[in-house]
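>>> could you look at this predicted model? Sequence included:
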Amino acid sequence: MTGNESSIQGGLLIVTLPGQGAVGKLSTHYFDPRAQQGKIRDALVKWFAIWGIPLTRSTANPSWLEAHTTEVIWCDEVPAHLHGPQTVKYFVQTADRVVHAIETLRPKLILVLSAYLYEAMADDAVAPRISAVIGKAKSAPRRITTMRLKALEQRFEYTSLLVLPTPSKNTTDDYIRSLSAPVRENFETASFDLSDAGDALIGAAKNLLVLDEARTLQTIQNRLRISEQRAKDLINALEEIGMITQSDESGRRFFRS
């Protein structure tokens, strides 16, 4: 955390695994493009653009969201012999830093970038300390995507909670795009003002343009007077040169930015 916690209360708190958080001292704000904030920040910049949540990327004139975003790394390191679910018990034992951040910052929205960290937060030894600040749960955790990687939301009396996977090769643009509506809803429920999205929403809308592959194939066949297989080959060629995406799990293709 930055040392000026009292001035950034009521914002966004990002909770990360050890070794994946900010690099070096934060002198301005979390999304300052000049700051070396690590893989999580860089991934979130891209995710926010896909979700249509605007970031100014300005050093001197950040938006309210940018100026009220804080990252806390759960602990400094995890013993090398602990992996996957085995880490949860250790995270329960090392929860003081995160509990202190929640007590100090009183965030409106908490973004937890690991299901294992969420399990530690929900443990009987940790949950009462957090609930003392964010209130009682108003609902059970709920999945917010039908895709394979788990993503959850949960509402509390004074805070909303989003649990997303740690950025990796598996958090593809298609996967992040599938979270757009529930993520935006959680920001809005937490009273973040997304009404000034402007160009960010235009970019998000562009990313959601879907190719009607069946109709396109038919049009290519008819207009170019070629076989169906040749038309399919041309569609694949458009993918290879980067104009359209691969088919996602629902068989959709999107136009690339």
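Looks like it arrived, so ask away.
>>> alpha carbons only for contacts and neighbour counts from here, please
OK.
>>> residues contacting the residue nearest to residue 69 when sequence neighbours are not counted?
Nearest residue to residue 69 in three dimensions, chain neighbours excluded: residue 12, at 4.7 Å (Cα to Cα, 6 or more residues apart in numbering). Counting by Cα atoms under 8 Å, 6 or more residues apart in numbering, residue 12 touches 65, 68-70, 107-111.
>>> now the end-to-end length of stretch 161-177.
Start-to-end span of stretch 161-177 (Cα to Cα, to the nearest Å) is 19 Å.
>>> likewise for stretch 150-169?
With Cα to Cα, one end of stretch 150-169 sits 15 Å from the other.
>>> what comes up buried for it?
Using 16 or more other Cα atoms under 10 Å as the test for burial, stretch 150-169 gives 151-156, 158-167.
>>> sec struct for residue 162, please.
Applying DSSP: H, G, I helix; E, B strand; the rest coil to residue 162 yields a three-state assignment of strand.
>>> now do it, the pLDDT please.
Looking at residue 162, its pLDDT stands at 98.
>>> and the gap between the residue lying farthest from the centre of the chain and residue 239?
Residue farthest from the centre of the chain, counting by Cα atoms, centre = their mean, is residue 225 at 45.0 Å. Computed as Cα to Cα, the residue 225 to residue 239 distance reads 21 Å.
>>> repeat that for residue 169.
For residue 169, the distance to residue 239 equals 19 Å [Cα to Cα].
>>> got it, and residue 229?
In this structure, residue 229 and residue 239 are 15 Å apart, going by Cα to Cα.
>>> and what of residue 68?
According to Cα to Cα, residue 68 stands 40 Å off from residue 239.
>>> and residue 96, by the same measure?
Noted for residue 96: a distance of 48 Å to residue 239, by Cα to Cα.
>>> more neighbours: these two, which one.
residue 239 (18 against 15; other Cα atoms under 10 Å).
>>> can you tell me the SS state at the more buried one?
Relying on three-state DSSP, one would call residue 239 helix.
>>> with residue 153 instead?
Residue 153 - assigned by three-state DSSP - is strand.
>>> so who does it touch?
Residue 153 neighbours (Cα under 8 Å, 6+ apart): 141-144, 160-163.
>>> mind listing the strands for the stretch 51-200 of the chain?
Listed in chain order, the strands of the stretch 51-200 of the chain (DSSP state E, counting those that start in this stretch) span 69-73, 109-112, 142-143, 152-155, 160-163.
>>> so where's this structure shaky on pLDDT?
Residue ranges of the chain with pLDDT under 70: 1-7, 22-27, 195-207, 257.
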